[in-house]
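Engineer: show me the folded form of this:
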Amino acid sequence: MSAAPVRDRNDIRQYDDLVDAWWQPEAAFAALHWLAAARGRLVPRPLVAGEVLVDLGCGGGLMAPYASSYRHVGVDLNASALQVAAEHGVVAVRGDAARLPMADGVASVVVAGEVLEHVRDLDAVVAEISRVLRPGGTVVVDTISATRVARVALVAIAERLPGGPPPRIHDPDLFVCPERLVRLFAQHGVELGVWGIRPSARDYARFLVDRTHPVRMVPTPSLALVYQGAGRKAEG
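Structural biologist: So this is what the prediction gives:
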């Protein structure tokens, strides 16, 4: 079997190369499973049946277990990932995060997990998230901080560790300053709170032993590496 081709950093074709790994919790997307569980804890229960949760950059649909009470709409540019997501009950929509193919205020919840550090026009993506979110709706995000320590820890080091991101999946030039993200959301009437998250050291040690043990993401005061956020769009 031939080796996977070496792609440029942030090349979307890497997800085609790794399509069989989406639902293997010990494989290349292990950390995405851990992060999906962490953001799932921030998703509120729907108030009425049929409420829409838009899952931006849904990949293979790893949010599906945490969005089952919603009409779970996943948006991604990668067709092979969307096919996997659809197999797990996600309403799959191929679209650009900077030009979402949906109406204003359609979503009660918008989730943007591990996608903001892949986009080239962050301002447009935040504007689109805010546009499709209904007044009073909830946004949940997690992404990578634009710091020197993140470049070292999450690229130079983590890409070589079990459970770390696949090699070359990130372009560190696209990492996201938390203060900028908070400011951009505020411009669109969404008050976003952010905090750092990291893998539980004890859980990660067990994962290194058996590769199947789930790893909890736990809060940390530092925003220097991976951080999470949640906010609510103003009612007015």
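Engineer: CA only for contacts and neighbour counts going forward, please
Structural biologist: Will do.
Engineer: flag the shaky bits of the chain, pLDDT-wise.
Structural biologist: Applying pLDDT under 70 to the chain flags residues 1-3.
Engineer: grab the longest strand from it for me.
Structural biologist: Determined from DSSP state E, the single longest strand within the chain is strand 133-144.
Engineer: and it, what does it pack onto?
Structural biologist: Judged by 3 or more C-alpha pairs under 8 Å, 6 or more residues apart in numbering; DSSP states H and E, the packing partners of strand 133-144 are helix 30-40, strand 107-113, strand 226-233.
Engineer: adjacent strands (with direction) for the shortest one?
Structural biologist: Read it as strand 107-113. According to DSSP bridges, strand 107-113 forms sheet pairs with strand 52-56 (parallel), strand 133-144 (parallel).
Engineer: so which of the helices and strands packed on strand 133-144 is the most surrounded?
Structural biologist: strand 107-113 (a mean of 26; mean count of other C-alpha atoms under 10 Å).
Engineer: tell me how far the residue lying closest to residue 12 once chain neighbours are set aside lies from residue 59.
Structural biologist: Nearest residue to residue 12, sequence neighbours excluded (C-alpha to C-alpha, 6 or more residues apart in numbering): residue 78, at 6.9 Å. Per C-alpha to C-alpha, to the nearest Å, residue 78 is found 7 Å from residue 59.
Engineer: tell me which of those two has more neighbours.
Structural biologist: A count of neighbours by other C-alpha atoms under 10 Å puts residue 59 above the other of residue 78 and residue 59, at 28 against 22.
Engineer: with that, I have no additional questions.
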